[in-house]
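1. Please find the sequence and the predicted model below.
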Amino acid sequence: MTAELQVPSPLVPTRESYFVRYCKQHADGTWAVVDVSLDNLRPSPSARSRRRPSGCLIQEMPNGYSKVIFVTIFYDYKIKIVFTFAI
């Protein structure tokens, strides 16, 4: 898959990422969705960042809603930061 990642800031340019996605439902009904970057298979001289293995867990709740936990790990080589997002 190819995706364009955006941060809600005019100071951070968009980034394109090339990755594979794996989904699996566990015995308790929880879904795991994992993205693994393939950017190293498509090297680019202008590569400024890399998305680390990321994904989400989706768990059905008794009230009919779903609990979703996202984990995104993003490394920017230019400014040397790691961004992790979880809800």
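-> Thanks, I have the structure now. Numbers count the residues shown, from 1 in each chain.

2. Buried by neighbour count: which residues of stretch 6-16 qualify?
-> Along stretch 6-16, these residues count as buried under the neighbour rule (16 or more other C-beta atoms under 10 Å): residue 15. In this view, the C-beta of every residue, glycine as well, is placed from N, C-alpha and C.

3. Where does pLDDT dip in the chain?
-> Scanning the chain for pLDDT under 70 picks out the ranges 42-49, 76-87.

4. all helices of it, in order?
-> For the chain, applying DSSP state H gives no helices.

5. how close does residue 22 get to residue 38?
-> Distance, residue 22 to residue 38, by C-beta to C-beta, to the nearest Å: 12 Å.

6. Show me which of those two is the more surrounded one.
-> residue 38 (14 against 10; other C-beta atoms under 10 Å).

7. Now do the contacts for residue 53.
-> For residue 53, the contact set (C-beta atoms under 8 Å, 6 or more residues apart in numbering) comprises 34-37, 73.

8. now do 7 Å
-> Residues in contact with residue 53, defined by C-beta atoms under 7 Å, 6 or more residues apart in numbering, are 34, 36.

9. same check, this time on residue 30
-> 57-59.

10. let's see 6 Å
-> By C-beta atoms under 6 Å, 6 or more residues apart in numbering, the residues touching residue 30 are 57, 59.

11. With residue 52 instead?
-> Residues in contact with residue 52, defined by C-beta under 6 Å, 6+ apart, are residue 73.

12. what's the answer for residue 31, then?
-> Contacts of residue 31 by C-beta under 6 Å, 6+ apart are 25, 58.

13. ok, 8 Å please
-> By C-beta under 8 Å, 6+ apart, the contact set of residue 31 is 23-25, 57-59.

14. In ChimeraX, how would I select just the buried ones from these?
-> Filtering the contacts of residue 31 down to the buried ones (16+ other C-beta under 10 Å) takes a single ChimeraX command:
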select :58
